[in-house]
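J.: Using only what follows, build the 3D model:
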Amino acid sequence: MEARPVDGRGRPSVQPPRPIKAMRYSRKTPMRLDTEHIRRREEEAGCFGLLTKVPTVGPRAPRARDLLTVSKEPHGPEQNYGFLKAPVRVTSLFLKKPARLEALGVVLVLSLLLWRLMERQMRAHVESTGRPLPG
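T.: Here you go, the predicted model:
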């Protein structure tokens, strides 16, 4: 145990014996690293579930690393949701009937599909010709 005096509030007095208000006691305990526990926690933090509708067995089943790479690449599926949820496209619309809202959803998904197909064609053109697109 280590004892430490606690002084009173305010500026300390000029006189040598400072009045002690209280004593605080603390215990010093040595710390040690549990490297095995840290290693296990790091392994657990590096793992996560990957949900997919792609077949996991059979000749057409891709490796988990390939699925993760596809889902994490910049032009992956997650980027498409930003297009569908953009407030500029939907904020100004007020649809009363559920059928019209569903139709709007279909139109947005089809426009997203068309947009991605155009991007794919442009990328294929750039790869085949080796020249960047103007603009």
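J.: now A45: how far from R116?
T.: To R116, A45 is 33 Å away according to CB to CB, to the nearest Å. Any C-beta I mention is one placed from the backbone N, CA and C, and that applies to glycine too.
J.: Name the residue in these two with the higher neighbour count.
T.: More neighbours surround R116 than the other of A45 and R116, with 14 against 8 (other CB atoms under 10 Å).
J.: Please report the distance of that one from L51.
T.: To L51, R116 is 22 Å away according to CB to CB.
J.: Residue ranges in the protein under the pLDDT threshold?
T.: Judged by pLDDT under 70, the chain has its weakly predicted residues at 46-49, 73-93.
J.: what's the longest helix in it?
T.: helix 98-129 (DSSP state H).
J.: Could you name the helices and strands sitting against that one?
T.: Other helices and strands packing on helix 98-129, by 3 or more CB pairs under 8 Å, 6 or more residues apart in numbering; DSSP states H and E, are helix 77-85.
J.: Swap in 10 Å and give it another go.
T.: helix 77-85, helix 87-90 (3 or more CB pairs under 10 Å, 6 or more residues apart in numbering; DSSP states H and E).
J.: and Q15, which of the three is it?
T.: coil (DSSP: H, G, I helix; E, B strand; the rest coil).
J.: ok, now which ones touch it?
T.: Q15 makes contact with no residue, according to CB atoms under 10 Å, 6 or more residues apart in numbering.
J.: What values do phi and psi take at the residue in the chain sticking out farthest from the centre?
T.: In terms of distance from the mean C-alpha position of the chain, Q15 ranks first, at 59.3 Å (CA atoms, centre = their mean). Geometry field for Q15 lists phi and psi as phi -70, psi 140, criterion degrees, to the nearest 10.
J.: how about stretch 97-115 as PDB, C-alpha atoms only?
T.: Only the C-alpha atoms of stretch 97-115 are listed here, as PDB (Å, rounded to 0.1, in the frame of the first residue of the first chain):
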ATOM      1  CA  LYS A  97     -51.000   3.600 -53.400                       C
ATOM      2  CA  PRO A  98     -48.700   0.700 -52.500                       C
ATOM      3  CA  ALA A  99     -48.800  -0.500 -56.100                       C
ATOM      4  CA  ARG A 100     -47.300   2.800 -57.300                       C
ATOM      5  CA  LEU A 101     -44.600   2.600 -54.600                       C
ATOM      6  CA  GLU A 102     -43.800  -0.900 -55.800                       C
ATOM      7  CA  ALA A 103     -43.700   0.300 -59.400                       C
ATOM      8  CA  LEU A 104     -41.200   3.000 -58.400                       C
ATOM      9  CA  GLY A 105     -39.000   0.400 -56.800                       C
ATOM     10  CA  VAL A 106     -39.000  -1.700 -60.000                       C
ATOM     11  CA  VAL A 107     -38.200   1.400 -62.100                       C
ATOM     12  CA  LEU A 108     -35.300   2.300 -59.700                       C
ATOM     13  CA  VAL A 109     -33.900  -1.300 -59.800                       C
ATOM     14  CA  LEU A 110     -34.100  -1.400 -63.600                       C
ATOM     15  CA  SER A 111     -32.400   2.000 -63.900                       C
ATOM     16  CA  LEU A 112     -29.700   0.700 -61.600                       C
ATOM     17  CA  LEU A 113     -29.300  -2.400 -63.700                       C
ATOM     18  CA  LEU A 114     -29.000  -0.300 -66.900                       C
ATOM     19  CA  TRP A 115     -26.500   2.100 -65.200                       C
END
